[in-house]
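Could you look at this predicted model? Sequence included:
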Amino acid sequence: MGINVPGPTMTLAELNAMPAAAFTAALAPVFENAPWVAAGIVAKRPFVTLSALHRAMMALIGTQSTDAQTAFLRGHPRLAPETLRNGTTVESTAEQTAAGIGTLDDAKLTTLSRLNAAYDAKFGFPFILAVRRASLPTLLATFERRLAAGLEAERAEALTEIAAISWMRLLDRVEPAPTGSLSTHVLDTVRAAPAVGLGVELWRVDGEATCLESFVTDDNGASSRELLSEGRLRAGTYEWRYDTPTYFAAIGYPTQARSFLGKVSVTFSVWNPEEHFHVPLLLTPGSYTTYRGS
């Protein structure tokens with residue numbers, strides 16, 4: 001599942017320098033049927049980062065009255081095959097098509113129709129979900145859960161999903177600031193010391209898997225530099241691959257102990273390529289723990 005887009009067509013500097021009308025036109029598709037969002041932040045330029053631009057847009061939506069926010073939510077299309085048949089925006093068509101909404105079997109179509117009808121009747125605006133990052137089972141499970149919410153909580157969650165949708169659409173159009181990077185650090189918790197000399201590879205695993213970097217950990221159990229810096233980091237799915245069997249062999253763990261895990265892989269998503277993503281690994285021959293570090 002995924003959407004093939006040609007990549008950003010402008011830089012932040014170019015966007016900041018556009019006449020007001022051109023700025024609004026360039027960003028109008030970021031929010032569904034709501035060009036007023038882009039128009040409302042023209043005067044706040046220049047934006048130093050894409051994150052700052054997006055925050056300004058979401059803040060403007062947050063200042064609207066409840067009635068205005070409800071009207072904004074109602075401007076979004078229903079997630080349903082009939083939406084694709086009847087026609088909607090280019091962006092929503094691509095997103096729903098990639099999610100498989102146009103090719104549902106009879107059972108799933110019946111379930112989705114039931115959920116849509118119940119949701120519309122309860123909340124008075126369509127169910128909104130960032131379907132680029134949701135499989136069909138995730139969509140249906142989320143739908144069922146959110147039907148039990150109260151009106152105010154559901155309006156807030158719908159706006160949170162719109163923030164995700166608009167962020168991805170913004171990344172389709174504008175180059176992010178070159179501030180992001182990746183790093184990792186590995187601690188051998190049996191020895192209570194950095195895992196020195198551990199072979200590590202960094203892979204991009206969206207579509208065809210591609211190895212981007214490889215290195216051996218230094219005396220701190222880390223890479224000696226930040227990776228994919230200077231604008232090379234992009235939103236997507238990545239994977240650290242750690243050659244733990246070779247490391248365990250080098251420090252003397254017996255075959256049976258060192259072979260349990262095999263090569264450890266940690267898959268993670270980069271949502272905002274303007275941020276730094278640090279992935280620590282706490283390692284033993286029988287287990288490992290990972291998390292997003294700072």
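Happy to help now that I have it.

okay, and the helix or strand of the chain with the least pLDDT?
Lowest on mean pLDDT, DSSP states H and E among the helices and strands of the chain sits helix 255-258, with a mean of 77.

Give me the distance from that helix to the chain's centre.
37 Å (C-alpha atoms, centre = their mean, to the nearest Å).

How about stretch 266-281?
That offset, for stretch 266-281, works out to 11 Å (C-alpha atoms, centre = their mean).

What separation is there between the nearest residue to residue 157 once chain neighbours are set aside and residue 234?
Excluding the flanking residues, the one nearest residue 157 by C-beta to C-beta, 6 or more residues apart in numbering is residue 146, at 6.3 Å. For glycine as for every other residue, the C-beta is placed from the backbone atoms N, C-alpha and C. Using C-beta to C-beta, to the nearest Å, residue 146 is found at 30 Å from residue 234.

For those two, work out which one has more neighbours and name it.
Remark: of residue 146 and residue 234, residue 146 carries more neighbours, 20 against 16, as counted by other C-beta atoms under 10 Å.

Next, give phi and psi for the more buried one.
phi -70, psi -20 (degrees, to the nearest 10).

same thing with the one 5 residues further on?
With angles defined as degrees, to the nearest 10, residue 151 shows backbone torsions of phi -60, psi -50.

Based on its surroundings, how many neighbours for it?
Residue 151, neighbours per other C-beta under 10 Å, totals 13.

residue contacts, the residue nearest to residue 157?
Taking C-beta atoms under 8 Å, 6 or more residues apart in numbering as the criterion, residue 146 is in contact with 119, 127, 154, 157.

ok, it to residue 46 distance?
Distance from residue 146 to residue 46, by C-beta to C-beta: 38 Å.

what do you get for residue 125?
Taken as C-beta to C-beta, the span from residue 125 to residue 46 is 34 Å.

ok, now residue 113?
From residue 113 over to residue 46 (counting by C-beta to C-beta), the distance is 47 Å.

okay, those two: which has more neighbours?
Higher neighbour count among residue 113 and residue 46: residue 113, with 14 against 11, using other C-beta under 10 Å.

Locate the more buried one within the secondary structure: which element?
helix 106-123 (DSSP states H and E).

Mind giving me the packing neighbours of that helix?
Secondary-structure packing of helix 106-123 (3 or more C-beta pairs under 8 Å, 6 or more residues apart in numbering; DSSP states H and E): helix 136-146, helix 151-173.

Determine which stretch of the ones you listed is the most buried.
helix 151-173 (a mean of 18; mean count of other C-beta atoms under 10 Å).

List the contacts of the nearest residue to residue 241 once chain neighbours are set aside.
Once flanking residues are discounted, residue 241 sits nearest to residue 201: 4.4 Å by C-beta to C-beta, 6+ apart. Taking C-beta under 8 Å, 6+ apart as the contact definition, residue 201 lies against 211, 213, 214, 240, 241, 243.

just those now: which is nearest residue 61?
Set against residue 61, the nearest of the contacts of residue 201 by C-beta to C-beta is residue 240 (36.2 Å).
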